[in-house]
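Build me a structure from this.
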Amino acid sequence: MQLVWSRCTDLFSEYVRIRQETKRMEEWAERWGVKETEGLQRRESREMELWMSRIRQVFLKFQPATELINDRLEHIELSFCDFKTDITFERYQQLLREGHTEFGNAFSITFNDRRSRRQERFMCRYFRNFSKFPRPSKIIPLELNYRNENGYTRLSELDWANRIRVRELHFTNEGEFIV
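Modelled structure (predicted):
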């Protein structure tokens with residue numbers, strides 16, 4: 001009986017030791033996981049800030065260019081519209097994961113012919129085509145769309161799209177601007 005008691009005590013103490021070590025490892029994993037998650041989130045947040053500042057540069061180039069061209073044309077009026085889409089961290093993550101987000105329009109440029117009253121509108125939206133920008137790339141381009149009677153259509157889906165050189169605008173991971 002004494003032998004069984006001794007062996008059971010040894011077995012039980014080993015069980016307690018293993019359980020304590022497992023619990024300690026779980027605590028460390030939680031602690032390190034939280035730190036790692038916080039670090040990843042900070043890095044992703046910095047990447048988002050860099051992407052947003054680069055995209056803002058595109059806005060700052062198109063808006064004055066639209067105004068400058070508008071001043072030089074007689075019969076055609078150009079107007080720039082900033083949709084003021086708020087890209088939060090969650091929406092940025094959605095763009096990376098899914099390639100699109102609800103209300104992802106960035107800006108539009110409208111051409112109004114004063115004589116015929118004909119209006120043509122082109123809109124850039126945040127859209128990632130995974131066949132062009134596969135994972136794990138973090139490129140989120142501004143894709144050019146055309147407004148027709150049915151709403152906005154991707155420029156690549158139009159018969160006359162070959163007449164327009166711009167399809168999308170984006171920055172490479174190295175910061176190079178690509179049209």
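
list the contacts for Ile18?
With C-beta atoms under 8 Å, 6 or more residues apart in numbering as the criterion, no residue contacts Ile18. From N, CA and C alone the C-beta is placed, and that goes for glycine too.

From Cys8, how far out is it?
16 Å (C-beta to C-beta, to the nearest Å).

One more: Arg72?
95 Å.

quick one, helices of this structure?
2-72, 89-98 (DSSP state H).

Ok, which of those comes nearest Ser79?
Counting by C-beta to C-beta, Ser79 lies closest to helix 2-72 out of the helices of the chain; the figure is 7.1 Å.

what is the orientation angle of that closest one with helix 89-98?
Angle of helix 2-72 versus helix 89-98, following axes from the mean of the first three to the mean of the last three C-alpha atoms, to 10 degrees, is 90 degrees.

Could you give the average pLDDT over helix 2-72?
Computed over helix 2-72, the mean pLDDT rounds to 79.

shouldn't Ser137 be in contact with His170?
No - look at Ser137 against His170 with C-beta atoms under 8 Å: they stay out of range, at 9.9 Å.

Show me which of the two is the more surrounded one.
Legend: neighbour count by other C-beta atoms under 10 Å for Ser137 and His170, higher for His170 (21 against 14).

ok, the closest residue to the more buried one other than its chain neighbours - how many residues close by?
Spatially, and ignoring its direct neighbours in sequence, His170 is nearest to Pro141 (3.5 Å; C-beta to C-beta, 6 or more residues apart in numbering). For Pro141, the tally of surrounding residues (other C-beta under 10 Å) stands at 22.
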